[in-house]
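> any chance you could fold what I've pasted below:
(2 chains)
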Amino acid sequence: MDPGLYTQLLDLACGAFLLAAVLVLWRRELASFIRVFTAQGLALAAIAALLGAREHRWDLLGVAVLIALLRAALLPYLMRRALTAGGETHETEPLVNVTASLLTAAVLTLLAYAATRPLTDLAPSSATRALPIGLAVVLIGFFTLATRRRALSQVVGFLLVDNGITAVAFLAASGVPLIVELGVSFDVLFAVLVLQVLTTRMRAAFGGTDLDDLRELHD
Amino acid sequence: MSGDQVTLIGTVAVVAQVALVIAGAPWLAGLMRQIRARLEGRAGPGPGQPWRDLRKLLRKQPVTATGTGPAFRAAPLVLVATALVVAALVPLAATRTPVSGHADLIVVVALLALGTVSLALAGLDTGTAFGGMGASREMTVAALVEPTLLMSVFALSIPAGSTNLADIVSGAVHDPARLATPTGLLAAVALLAVTVAETGRLPVDNPSTHLELTMMHEAMVLEYSGPDLALIELGAQLRLTVLLGLLAALFTPWGIATTDGWAALLLALALLALKVAVLGALLAAAEVHLAKIRLFRVPELLAGSFLLALLAVTASYFLTGA
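Residues are numbered from 1 along each chain as shown, chains lettered A, B, ... in the order given. Next up is the predicted model:
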């Protein structure tokens, strides 16, 4: 593949990947979280496919297909089912308001750039230069986990962290071995299923999925 | 070609550009209103209506409200003057003009801010409740708009290596791939959002409302009448035209004359009119589907566009490995 075109496509995919994470903080409708997450899954699959095409590694293309199936089809389907069962459509009153969240995202992105600077300097290439984007998505995912209160937002925050980690693995080391990737994928899938069960239990107990209702421990 | 003729073409380009902006601004406003009217199922007054309004207002006797001071009287002139200077500075039709050396991004943003501030001072000067309210809201929006505007054009200036708008535009003409990067796309979205906010269009401000609770721009200019009101209206239309022209010049720079030649200049002027008309039509068509957002949600929109502009700058700085 032409190096200039490869760099441009990789940068575009990374830009879309980061933009999706920012949009999660911007939007309030839970349904749009799922659409944004689907787009992010596709961008991640595109990053993997580009790296695979660049290095002529067919297993990476297989991983890209796997990522697209899991993160852009199966997980959104599960989340959409949880959403229709839940009946809540909006993230009301996040702990930090949207304006402050967006400005925090700006600071987190700059922090990610500062933190990955030494790593990028080790082996400057177009893939490692995009490394901060993966770390920024991880940090934004943590921020979403810390400040959003609906169970579905928590699931999306957790998946943002995971997407970010996967992106860092791809950009820094051209991906992990296929067997590890499979293991991580199943792990994520089970985590989402467990969270879905938890959501159902919370709704049965409290009539909503606001995490603030979880105040006491029971046996 | 002699040096004299180069300066001659450059001078003609600046004059023609300013003349086109002045003549075209009311037509653009009329075109946008007409498109909205048609899409909403109304007949509409036709795109020439703003010119007829201006002529009617200019013939009226000038009246100023009692108790108003110099800020109130100077504001319409400052607003129009700053918009005209920006129209001359921004490389809308040609990049090699006598003033292109001064077409610095920071100057352009400062001039636009000067117009905004003078109008807000005029709103305060009238001493009415609406004037003060409108001025306060306009300043809130302006405080968020200016950094975004600076950031997004700054993102574009990194690949060009200069904050001179003429250099940025001619760089993009010769290297169009620069625009299809994350930097270009993020900056385009951020700049579009601030253009909408700066010119007081939906969803930030509704230019056709006179409902007290929602007015921003209209609240500041309530006390104006006659020729002053005509200048204010013209100033607002000029700003919209210039900002759309800037958007068109930065993101679709094709056709802008980077060489000297009469044919290239004529083509550039025709394309400028076409590009701004298409952008205005798209904006008007989009406005039909938008509702004005609550005033308290406006900072969210602008903080979002600021974040996009900041990401554009960081992406431009880090991904290119500069």
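> ok, residue 192 - contacts?
All of this refers to chain A. Listed by Cβ atoms under 8 Å, 6 or more residues apart in numbering or on different chains, the contact set of residue A:192 reads A:75, A:78, A:79, A:155, A:159. Using the backbone N, CA and C atoms, a C-beta is placed for each residue, glycine as well.
> switch to chain B, that's the one I care about
residue B:247.
> what's the helix or strand for it?
According to DSSP states H and E, residue B:192 maps onto helix B:182-198.
> over to residue B:42?
Per DSSP H and E, there is no helix or strand for residue B:42.
> could you pull up phi and psi at it?
Recorded main-chain torsions at residue B:42 are phi -100, psi 160, according to degrees, to the nearest 10.
> based on its surroundings, how many neighbours for it?
A total of 11 residues lie near residue B:42 under the criterion other Cβ atoms under 10 Å in any protein chain shown.
> cool, the one 5 residues further on as well?
Other residues within reach of residue B:47, judged by other Cβ under 10 Å, total 18.
> does it count as helix, strand or coil?
coil (DSSP: H, G, I helix; E, B strand; the rest coil).
> for the closest residue to chain B within chain A, which non-adjacent residue is closest in space?
Using Cβ to the nearest Cβ, the single residue of chain A nearest to chain B is residue A:15, 2.8 Å away. Once flanking residues are discounted, residue A:15 sits nearest to residue B:182: 2.8 Å by Cβ to Cβ, 6 or more residues apart in numbering or on different chains.
> same question for residue B:97.
Leaving out its chain neighbours, the residue that sits closest to residue B:97 by Cβ to Cβ, 6+ apart is residue B:10, at 4.1 Å.
> tell me which parts of chain B are close to chain A?
Applying Cβ under 8 Å from any Cβ of the partner chain, one finds that chain B approaches chain A through B:177, B:180-182, B:185-186, B:299-300, B:303-304, B:306-308, B:310-311, B:314-315, B:318-319, B:321.
> sorry, back to before: in the helix holding residue B:192, which residues are buried?
For helix B:182-198, burial by neighbour count (16 or more other Cβ atoms under 10 Å in any protein chain shown) applies to B:182-198.
> where's the residue nearest to residue B:97, which helix or strand?
Residue B:10 is part of helix B:3-39, with elements assigned from DSSP H and E.
> the most centrally placed residue in chain A and residue A:43, how far apart?
The centroid of chain A falls nearest to residue A:160 when counting by Cα atoms, centre = their mean (2.2 Å). As judged by Cβ to Cβ, to the nearest Å, residue A:160 and residue A:43 stand 12 Å apart.
> so which bits of chain A are right by chain B?
A:4, A:8, A:11-12, A:14-16, A:18-19, A:22, A:26, A:98-99, A:102-103, A:105-106, A:109-110, A:113, A:120, A:124, A:126, A:129-130, A:132.
> now the residues you listed: which count as buried?
Looks like the residues of chain A next to chain B have A:8, A:11-12, A:14-16, A:18-19, A:22, A:26, A:98-99, A:102-103, A:105-106, A:109-110, A:113, A:120, A:126, A:129-130, A:132 buried, using 16+ other Cβ under 10 Å.
> hmm, back to that, the helix holding residue B:10 - contacts with which helices or strands?
helix B:49-59, helix B:70-89, helix B:226-251, helix B:262-288 (3 or more Cβ pairs under 8 Å, 6 or more residues apart in numbering or on different chains; DSSP states H and E).
> can you redo these as CSV with mean neighbour count, distance to residue B:143 and mean pLDDT?
Shown next, in CSV, are those (neighbours: other Cβ atoms under 10 Å in any protein chain shown; distance: least, Cβ to Cβ, whole Å; pLDDT from 0 to 100):
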stretch, mean neighbour count, distance to residue B:143, mean pLDDT
helix B:49-59, 15, 29, 92
helix B:70-89, 20, 18, 92
helix B:226-251, 23, 17, 91
helix B:262-288, 18, 23, 89
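> those: which one's closest to residue A:189?
helix B:262-288 (39.4 Å; Cβ to Cβ).
> and that closest one, what does it pack against?
helix B:3-39, helix B:226-251.
> so where's chain B uncertain?
B:1-6, B:209-214, B:320-322 (pLDDT under 70).
> in it, what residue comes closest to chain A?
Nearest to chain A in chain B, going by Cβ to the nearest Cβ, is residue B:182, at a distance of 2.8 Å.
> pretty sure that residue sits against residue A:11.
Yes. Assessed by Cβ atoms under 8 Å, residue B:182 is found in contact with residue A:11 at 5.4 Å.
> tell me which residues in the lengthiest helix in chain A are buried?
Longest helix of chain A, by residue count under DSSP state H: helix A:178-206. Under the neighbour-count criterion of 16+ other Cβ under 10 Å, helix A:178-206 has A:181, A:184, A:185, A:188, A:192, A:195, A:196, A:199, A:202, A:203 buried.
> and the residues you listed, which two are furthest apart?
A:181 and A:203 (33.1 Å).
> count of residues packed around the nearest residue to residue B:48 once chain neighbours are set aside?
Sequence neighbours aside, residue B:30 is the residue nearest to residue B:48 in space, at 5.9 Å (criterion: Cβ to Cβ, 6+ apart). Using other Cβ under 10 Å, residue B:30 has 21 neighbouring residues.
> can you give me the helices in chain A?
A:3-26, A:30-55, A:58-69, A:75-86, A:98-122, A:126-129, A:131-147, A:151-173, A:178-206.
> give me every residue that touches the residue lying closest to residue B:240 once chain neighbours are set aside.
Computed as Cβ to Cβ, 6+ apart, the closest residue to residue B:240 that is not its neighbour in sequence is residue B:199, at 4.4 Å. Contacts were defined as Cβ under 8 Å, 6+ apart; by that measure residue B:199 touches B:236, B:239, B:240, B:243.
> let's go with 10 Å and repeat that
Applying Cβ atoms under 10 Å, 6 or more residues apart in numbering or on different chains to residue B:199 gives the contacts B:205, B:207, B:217, B:236, B:237, B:239, B:240, B:241, B:242, B:243, B:244, B:283.
> before we move on, what about residue A:81?
Residue A:81 is in contact with residue A:196, counting by Cβ under 10 Å, 6+ apart.
> give me the pLDDT for it.
At residue A:81, the model reports a pLDDT of 83.
> how much space between it and residue A:192?
Distance from residue A:81 to residue A:192, by Cβ to Cβ: 11 Å.
> swap in residue B:188?
Applying Cβ to Cβ to residue B:188 and residue A:192 gives a distance of 35 Å.
> what does residue A:107 give?
29 Å.
> what residues does the residue nearest the centre of chain B make contact with?
When Cα atoms, centre = their mean is applied to chain B, the residue found nearest the centroid is residue B:243 (2.6 Å). Residue B:243 is in contact with B:83, B:86, B:90, B:108, B:112, B:149, B:191-192, B:194-196, B:198-199, B:276, B:279, counting by Cβ under 10 Å, 6+ apart.
> make it 8 Å
Taking Cβ under 8 Å, 6+ apart as the test, what residue B:243 contacts is B:112, B:195, B:198, B:199.
> against residue B:265, how distant is the last one?
The reference is to residue B:199. Separation of residue B:199 from residue B:265 (Cβ to Cβ): 27 Å.
> same check, this time on residue B:167
19 Å.
> give me the neighbour count for residue B:295.
15.
> nearest residue to it other than its sequence neighbours?
residue B:137 (6.8 Å).
> wait, that neighbour touches residue B:219, no?
Yes. Between residue B:137 and residue B:219 there is a contact under Cβ under 8 Å: 7.4 Å.
> looking at those two, which is more packed in?
The neighbour comparison of residue B:137 against residue B:219 (other Cβ under 10 Å) goes to residue B:219, with 25 against 22.
> distance check, residue B:22 against residue B:153.
In terms of Cβ to Cβ, residue B:22 sits 24 Å off from residue B:153.
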